[in-house]
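In: give me the fold of what follows.
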Amino acid sequence: MNMLNTRRRAVLLLGFLSIIRLGHAQHTLRIEVNDFLGAENVFLSGSINQWNPNDKDYQLKRINYFRTEITLHNLPAGQYAFKLTKGSVETVETTADGDDIPNRVINLRRDTAVLFAVLGWKDKMTSPDRFTDSARLAHALQKGFQYLKTNVDSSFKYALETFTLSSKVSPVMKAYATNLQGEILLQLGNTEKALEVFKEGLHIRLALISPMDSGSISYLYNQVGDVYWHLKDTAQAVDNYRLSMRWTPVYAYFHPLHEAICSRLCNMGRACLGRHQIDSAKWYATQSAQVGDRVSCLTDLFWGDIAQSESKLLTAIPYFRSSAKLALQHDHNLDIALQSYQRLAQIFAATHQRDSAMVYARRAFAIANQLHENASIGRSGLALASLFRDRGLYDSAIFYQQMVIESLEKQFSSEKERQALNTYFNEKIREQDAAAKKKEYYATLWRYGLFGGLSVLVLLAMVYRIRLKSRYDRKMKEIEMRALRAQMNPHFIFNCLGSINRYIVKSDTKTASNYLTKFAKLIRLILDNSSSDHISLDAEIQTLQLYLDMESLRFDGRFDYEIQKGENLEEDHTFLPSMLIQPYVENAIWHGLLQKEERGKLWIRFKKVSGHTLQAEIEDNGIGRKSAAERKSKDAVRQKSYGMQISSDRIKIINNLYKLNNSVTVHDLFDEQGGASGTKIILKIPVS
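Out: Here you go, the predicted structure:
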């Protein structure tokens, strides 16, 4: 009796000490909040701070556009109630429909991290139709994630809205939209498109990389790994799980967020188990067991699978029982509880422990119904029908067989509905892709159009500038050429007046009158042609004839001349620069014919050598250039240097002005004995 009392006292003392130790324990509480409505300042208001709605010490820190967080240290164990506000009781959090929500409650017994979403704010409840695109997308994301596990159809509707809106908003919001879209696509069984969407979100996140986005990047790598796992590509799955682990933030190791880490480690271990690498699988299971402050239901489930793969069924049973218990009591993971019960039912049926098999099959059947998992309902129902039939309870066996049939019908109906939804969803995705491509096409077209327009404007400006400069240069050259022509006309007139003066001095009035008459006609022609840059060939020949007649009179008929024209020339329709040939004719007379003792002769020939080129030849039978140079007549040198220089300058300006190629060549002529017999000048003039 004394021994029993002593034991009771010891137990009571240990319990009392445990209570005291628990009461004095200090824990860390980390609260993470997804707020797609993007509140500027968020405060924690609760029992921890006397429900102060605007306590600066409990203001959540924004870590990205949609997420805020706060970490509270050295909190004693106990129950804490709170809500979130934006600084007053009028701006408290609400449901997505604007209704009040009950206080959030946490029973703190260990270091804990919680993650939840704010669905609405009391002061922000307005019609979504009045929202901006960003606000409407935020509202759709809130609703979509809210209904993801409870009402897939509603979540699907909001996911469709995110596809329409995500192309109109910032890359950050689009990245959040891909999370919901990928989850919906997975539930619809469209794994390939889900993989594409998750990768798109990952690409956006990595482009916007910041330390605050590590959790989102870790999540997306994990989702990509899950999709590859579903596609039986374990190598790719493991690679992405490892990348996910690399990006996992430290706070994720707190309960209950550490379940995600355990899931990745266990999946990597299952990949090893699938390759019969038992030791590696156990290593990952051990690593998973060390995450957080207690073992995860996922870890125990994996340990049980390892034991079962080694045919250690009795070793697997306690792991599966522990996994089911943890899933129901702590992790609220009905799917893991269902898998654990199914495995237990299989093991007990295989070991002919029918009563235990029936217990766990019934539990699996109940959870499958709760989750509306028709495939699991069918498997558990078949197991129960078989167990009841073996015991002779045919009514119960028929009941479960009927349930199996119904589950198959529901599964078939759900599959058809899922395929229809999947088709509709894919059409919406294609429409969005087409709209995005169309938008990008028009944007590209606009950019190229703008570039092309600017290029044309620049080109037009350059052409205008070039033409303006060309017009200016041409005007200057025309002025210069007119000035030279103005210099030539007085030079020629001066010579003619000198001749008239000599006739008057000699009292040869008849010859002076004849000369003056020809001079008047010549002046009239020169004045008529002075306003034009180009004159007809006929006018040029008339001018030359008058000039030659006057020179012949002046020098008492010491030379004859002959003007020859080609048959293919149209004199009235062939135009050339005025007074261009006369200086060469004058040079032939003064330096060739007048230096000769006997009577000389001058030939002027015009012929067309091509469509737009006129060839003019001035040939004399004078003394030649060499003899003329030896005599060095001072007057002749002066005449040559003046008249020929003007003519040479005019040819250069004409060539530059009209982009022509007037050429002048001089040929010395010789007789049969090799003596000088004259000079021939050939001009090739482009004509119009």
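
In: from here on, just use CA atoms for contacts and neighbour counts.
Out: Will do.

In: tell me what the helix or strand containing Asp279 is packed against?
Out: Counting by DSSP states H and E, the element that carries Asp279 is helix 278-289. If you count contacts as 3 or more CA pairs under 8 Å, 6 or more residues apart in numbering; DSSP states H and E, helix 278-289 packs onto helix 258-274, helix 297-309.

In: what about 6 Å?
Out: Packing partners of helix 278-289 (3 or more CA pairs under 6 Å, 6 or more residues apart in numbering; DSSP states H and E): helix 258-274.

In: buried residues of the helix it packs on, list them for me.
Out: Residues of helix 258-274 classed as buried by neighbour count (16 or more other CA atoms under 10 Å): 258-273.

In: tell me the helices and strands packed up against that helix.
Out: helix 234-247, helix 278-289.

In: those: which one's closest to Ile317?
Out: helix 278-289 (16.5 Å; CA to CA).

In: report the buried residues of that closest one.
Out: Neighbour-count burial for helix 278-289 [16+ other CA under 10 Å]: Ile278, Ser280, Ala281, Lys282, Tyr284, Ala285, Thr286, Gln287, Ser288, Ala289.

In: ok, the last one touching Val295?
Out: The one in question is Ala289. Yes - at 5.2 Å, Ala289 and Val295 qualify as touching, with contact defined as CA atoms under 6 Å.

In: in the stretch 51-200 of the chain, which spans are strands?
Out: In the stretch 51-200 of the chain, the segments counted as strands under DSSP state E, counting those that start in this stretch are 61-64, 67-76, 78-85, 93-94, 104-108, 112-117, 120-121.

In: check the stretch 501-650 of the chain too.
Out: 534-536, 559-565, 575-577, 600-610, 613-620.

In: adding mean neighbour count, distance to Gln308 and mean pLDDT, write the ones you listed out as TSV.
Out: Output for the strands of the stretch 501-650 of the chain, formatted as TSV (neighbours: other CA atoms under 10 Å; distance: least, CA to CA, whole Å; pLDDT from 0 to 100):
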stretch	mean neighbour count	distance to Gln308	mean pLDDT
strand 534-536	19	112	84
strand 559-565	15	120	91
strand 575-577	20	112	81
strand 600-610	17	106	89
strand 613-620	22	107	90
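
In: now render those as CSV, adding distance to Lys438.
Out: Shown next, in CSV, are the strands of the stretch 501-650 of the chain (distance: least, CA to CA, whole Å):
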stretch, distance to Lys438
strand 534-536, 61
strand 559-565, 72
strand 575-577, 61
strand 600-610, 59
strand 613-620, 60
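
In: so, low pLDDT: which residues of the stretch 301-450 of the chain?
Out: Scanning the stretch 301-450 of the chain for pLDDT under 70 picks out 331.

In: what sits against the closest residue to Lys122 other than its chain neighbours?
Out: Spatially, and ignoring its direct neighbours in sequence, Lys122 is nearest to Thr91 (5.1 Å; CA to CA, 6 or more residues apart in numbering). In this structure, Thr91 makes contact with Thr85, Lys122, Asp123, judged by CA atoms under 6 Å, 6 or more residues apart in numbering.

In: ok, now Asn222?
Out: When contacts are counted by CA under 6 Å, 6+ apart, Asn222 touches Tyr241, Ser244.

In: list the buried ones in the helix or strand hosting it?
Out: Assigned by DSSP H and E, Asn222 belongs to helix 214-230. The neighbour-count check on helix 214-230 (16+ other CA under 10 Å) flags 214-229 as buried.

In: Lys410: which of those residues is nearest?
Out: Val227 (25.2 Å).

In: flag the shaky bits of the stretch 101-250 of the chain, pLDDT-wise.
Out: 124-132, 134, 149-150, 152, 167, 169, 209-213, 250.

In: over to the stretch 501-650 of the chain?
Out: If you take pLDDT under 70 as the line, the stretch 501-650 of the chain has these spans: 507, 530-531, 632-650.

In: now do the helices in it.
Out: Under the criterion DSSP state H, counting those that start in this stretch, the stretch 501-650 of the chain carries helices at the ranges 509-529, 537-554, 582-588, 624-631, 634-658.

In: and what of the stretch 351-500 of the chain?
Out: 354-371, 374-390, 394-505.

In: tabulate the ones you listed in CSV, adding columns for mean neighbour count and distance to Gly611.
Out: What follows is those, written out as CSV (neighbours: other CA atoms under 10 Å; distance: least, CA to CA, whole Å):
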stretch, mean neighbour count, distance to Gly611
helix 354-371, 20, 98
helix 374-390, 22, 96
helix 394-505, 14, 25
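
In: so which of the ones you listed comes closest to Gly675?
Out: helix 394-505 (31.8 Å).

In: can you give me how far that closest one is from the chain middle?
Out: 16 Å (CA atoms, centre = their mean, to the nearest Å).

In: what's the distance between Glu373 and Gly381?
Out: 12 Å (CA to CA, to the nearest Å).

In: let me fix that: Ile523
Out: Taking CA to CA, one finds Ile523 at 129 Å from Gly381.

In: what of Asp533?
Out: 112 Å.

In: for the helix or strand containing Ile317, buried residues please.
Out: Using DSSP H and E, Ile317 sits in helix 313-326. By neighbour count on 16+ other CA under 10 Å, the buried set for helix 313-326 is Leu313, Ala316, Ile317, Pro318, Tyr319, Phe320, Arg321, Ser322, Ser323, Ala324, Lys325, Leu326.

In: can I get these in CSV with distance to Asp560?
Out: What follows is those, written out as CSV (distance: CA to CA, whole Å):
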residue, distance to Asp560
Leu313, 139
Ala316, 137
Ile317, 140
Pro318, 140
Tyr319, 136
Phe320, 136
Arg321, 139
Ser322, 137
Ser323, 134
Ala324, 135
Lys325, 137
Leu326, 134
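
In: please tell me how far Ala135 sits from Thr162.
Out: Distance from Ala135 to Thr162, by CA to CA: 11 Å.

In: correction: the previous question concerned Gln59.
Out: Counting by CA to CA - Gln59 and Thr162 are separated by 30 Å.

In: looking at these two, which is more packed in?
Out: Thr162 (26 against 21; other CA atoms under 10 Å).

In: out of the helices and strands packed on helix 258-274, which is closest to Asp671?
Out: Between the helices and strands packed on helix 258-274, helix 234-247 lies closest to Asp671; by CA to CA that is 103.1 Å.

In: mind listing what's buried in the closest one?
Out: Thr234, Gln236, Ala237, Val238, Asp239, Asn240, Tyr241, Arg242, Leu243, Ser244, Met245, Trp247.

In: and what of stretch 184-200?
Out: 184-186, 188-191, 193-195, 197-200.

In: distance from the next helix-or-strand element following the helix holding Ile317 to the middle of the chain?
Out: For helix 313-326, the following helix or strand on the C-terminal side (DSSP H and E) is helix 334-350. Distance of helix 334-350 from its chain centroid, counting by CA atoms, centre = their mean, is 53 Å.

In: now swap in stretch 112-126 and tell me
Out: Per CA atoms, centre = their mean, the centroid offset for stretch 112-126 relative to its chain is 36 Å.
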